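Undergrad: Provide a 3D model corresponding to the input given below.
(chains A, B and C)
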Amino acid sequence: MPELPEVEVVRAGLDGHVTGRTIAAVAVLHPRAIRRHLLGPADFTGRLAGRTIAAAQRRGKYLWLELSDETNPDIALLAHLGMSGQLLVQPVGAPDEKHLRVRFDFTDGGPELRFVDQRTFGGFLVDDLVTVDGARLPSAIAHIGRDPMDPDFSVRAAVAALRRKKTELKRALLDQTLVSGIGNIYADEALWRSKLHWTRPTEGISLAKATEVLAAATDVMREALGQGGTSFDALYVNVNGQSGYFDRSLAVYGQEGLPCGRCGTAIRREPFMNRSSYFCPRCQRRSRS
DNA sequence: AGTATCCCCTGAGCGC
DNA sequence: TGCGCTCAGGGGATAC
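TA: Residues are numbered from 1 along each chain as shown, chains lettered A, B, ... in the order given. Below you'll find the predicted structure:
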């Protein structure tokens, strides 16, 4: 489940269900799920067995479990859900899901953690923790910018970085090095709220407008989190397999042909990077160039 | 160096 | 029924 609110729902679920527990064994059922762990499956499982989960953390759409050990330095099990990844807490012995990729068993014999991923874009790696700009995070995501839910997120810095870009506004919003956590849904929602067209050049955008669109992204993601995230189908669920409800509150995403909630004009869809951009053609005028 | 395109996958839904 | 096409909450690797 892709964007920040959905990943945060999963992180919170993991914190409640696996923090404090010790990993007994890990079974990698599909090698693609750990393709980013370059030392391979034996190293992956070997480094996890016997480790205790100290905390569940998140930055943007990445989440990780901090793993403590009496003798070794702390490491992290870094995860990305890709387009279709789920982390599920399941009773031992529950039937395997069709797309079960990795299983984590615990020494307490309690519910196991399962990674289920239809499209296999998601996956794990075991990584060292490093300090970047005062934050402790896995080295593989040192390039990922702070997200708007981070207490140390700087609106000023994010606005400045956005205005330095020479690209379309939506591309900048999706750039995870700039501000992390925003994906296709919340980018479109933020653009609608701030009445900006997705192709608007970042070059020349005013300080006020840049600030407004980032504030809108923050607001919409916070609201979505309050509803348990956005789910159109069973692919996007929390660790207990339950869906969020924010899809009912979407203003433009997936709303092609339906009336804009502000002006009544039919919402339009345009191709964008092998997917889509949804917007109101009246509220969000294309800037002339 | 910064930006843009191409892929990695599986499955659902649609028109023919 | 089945085929072929489009589409899907992402991002790394490569090409410009």
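
Undergrad: Residue A:194 versus the residue in the stretch 1-150 of chain A positioned nearest to DNA strand B, what's the distance?
TA: Distances between the stretch 1-150 of chain A and DNA strand B by C-beta to the nearest atom of the strand are smallest at residue A:119, namely 3.2 Å. Where C-beta positions appear, they are placed from N, C-alpha and C, glycine not excepted. Using C-beta to C-beta, to the nearest Å, residue A:119 is found at 31 Å from residue A:194.

Undergrad: ok, the two, which is more surrounded?
TA: Neighbours of residue A:119 and residue A:194, each counted by other C-beta atoms under 10 Å, are more numerous for residue A:194; the result is 20 against 12.

Undergrad: shouldn't the residue of the stretch 1-150 of chain A closest to DNA strand B be in contact with residue A:86?
TA: No. Taking C-beta atoms under 8 Å as the definition, residue A:119 is not a contact partner of residue A:86, at 11.3 Å.

Undergrad: what bits of chain A have low per-residue confidence?
TA: Residues of chain A meeting the criterion pLDDT under 70: A:1, A:288-289.

Undergrad: That one against DNA strand B: which residues are in contact?
TA: A:32, A:83, A:98-99, A:118-121, A:164-168, A:171, A:273-274 (C-beta under 7 Å from any atom of the strand).

Undergrad: Quick check: which element contains residue A:218?
TA: helix A:207-226 (DSSP states H and E).

Undergrad: wait, is residue A:270 part of a strand?
TA: Yes. Judged by DSSP: H, G, I helix; E, B strand; the rest coil, residue A:270 forms part of a strand.

Undergrad: what number of residues lie near it?
TA: If we define neighbours as other C-beta under 10 Å, then residue A:270 has 14 of them.

Undergrad: can you pull out the helices in chain A?
TA: A:4-17, A:40-48, A:155-164, A:169-174, A:184-193, A:207-226 (DSSP state H).

Undergrad: who touches the residue of chain A found nearest DNA strand C in this structure?
TA: Nearest residue of chain A to DNA strand C: residue A:183, at 2.2 Å (C-beta to the nearest atom of the strand). Neighbouring residues of residue A:183 by C-beta atoms under 8 Å, 6 or more residues apart in numbering: A:2, A:3, A:4, A:61, A:174.

Undergrad: Tell me how chain A divides into domains.
TA: For chain A, automatic domain parsing gives the domain ranges A:4-141, A:155-279.

Undergrad: Start and end of stretch A:257-265, how far apart?
TA: Start-to-end span of stretch A:257-265 (C-alpha to C-alpha, to the nearest Å) is 9 Å.

Undergrad: my bad, should have said stretch A:172-185
TA: 14 Å.

Undergrad: Mind naming the longest strand for chain A?
TA: strand A:123-132 (DSSP state E).

Undergrad: Tabulate the CA atom coordinates of that strand in PDB.
TA: Extracted C-alpha coordinates of strand A:123-132, given in PDB (Å, rounded to 0.1, in the frame of the first residue of the first chain):
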ATOM      1  CA  GLY A 123      10.600  -6.100  -0.900                       C
ATOM      2  CA  PHE A 124      13.200  -6.100   1.900                       C
ATOM      3  CA  LEU A 125      16.800  -5.700   2.700                       C
ATOM      4  CA  VAL A 126      18.800  -5.900   5.900                       C
ATOM      5  CA  ASP A 127      20.700  -2.700   6.200                       C
ATOM      6  CA  ASP A 128      23.000  -0.700   8.500                       C
ATOM      7  CA  LEU A 129      21.700   2.400  10.300                       C
ATOM      8  CA  VAL A 130      23.400   5.600   9.500                       C
ATOM      9  CA  THR A 131      23.000   9.200  10.700                       C
ATOM     10  CA  VAL A 132      21.900  11.600   8.000                       C
END
